[in-house]
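Trainee: sequence isn't available, so here's the structure alone:
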């Protein structure tokens, strides 16, 4: 067990280090690469089956706070952590994300079937996980929670520094 944990920890990107490459496809099979948005601050909001109920609250809180200053320099990308979905269920699950626009203004949800984001940055189950990548591709924040109180304030401190 210790060897497995050491192996996983060896690949975990920590705050202050390059985020590395990220390539995911959305529910419409359109590919998104982190490198496509270089020059913008990226906020990844990632949730599993139970944690995704907080994703909209994170997005709304960030859009509300930065609507007058900085939102155009910020890309919010929603990610569905789907590594626990069996292969035979993927088509069905993917279909659930088609036209799921109300909670996601972009209408686009990146489908992470392998749990790549979780492996890259760490992940807490049953809550939303939020990651900030700066204009140069460095991870500047990794946190999780329900988008309330201290959870949101910690994220806002980082975004304030990057967007103002």
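Mentor: Right, received. Where do you want to start? For clarity, every value in this text was computed on a predicted model and none was experimentally measured.

Trainee: where does the protein dip in pLDDT?
Mentor: 1-11, 70-71, 99-106 (pLDDT under 70).

Trainee: contacts only, for the most centrally placed residue in the chain.
Mentor: Centre of the chain computed as the mean C-alpha position; nearest residue by CA atoms, centre = their mean is residue 44, 2.5 Å away. By CB atoms under 8 Å, 6 or more residues apart in numbering, the residues touching residue 44 are 77, 79, 117, 121, 129-133. All C-beta spots, glycine's among them, are computed from the backbone N, C-alpha and C.

Trainee: hmm, 10 Å instead?
Mentor: Residue 44 makes contact with 19, 22, 24, 34, 75-79, 110, 112, 117, 120-121, 129-133, 139, 142, according to CB atoms under 10 Å, 6 or more residues apart in numbering.

Trainee: for residue 159, same thing?
Mentor: 41, 43, 62, 65-66, 70, 74, 132, 140-141.

Trainee: now those residues in a markdown table, with secondary structure, distance to residue 159 and neighbour count?
Mentor: A markdown table is the format used below for the contacts of residue 159 (DSSP: H, G, I helix; E, B strand; the rest coil; distance: CB to CB, whole Å; neighbours: other CB atoms under 10 Å):
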| residue | secondary structure | distance to residue 159 | neighbour count |
| --- | --- | --- | --- |
| 41 | strand | 7 | 20 |
| 43 | strand | 7 | 23 |
| 62 | helix | 7 | 24 |
| 65 | helix | 8 | 17 |
| 66 | helix | 7 | 21 |
| 70 | coil | 8 | 16 |
| 74 | strand | 7 | 18 |
| 132 | strand | 7 | 23 |
| 140 | strand | 9 | 19 |
| 141 | strand | 8 | 19 |
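
Trainee: need the max-distance pair from those.
Mentor: 65 and 140 (16.5 Å; CB to CB).

Trainee: let me see the ranges of the helices in this structure.
Mentor: Per DSSP state H, the chain carries helices over the ranges 2-11, 55-66, 90-97, 116-121, 149-163.
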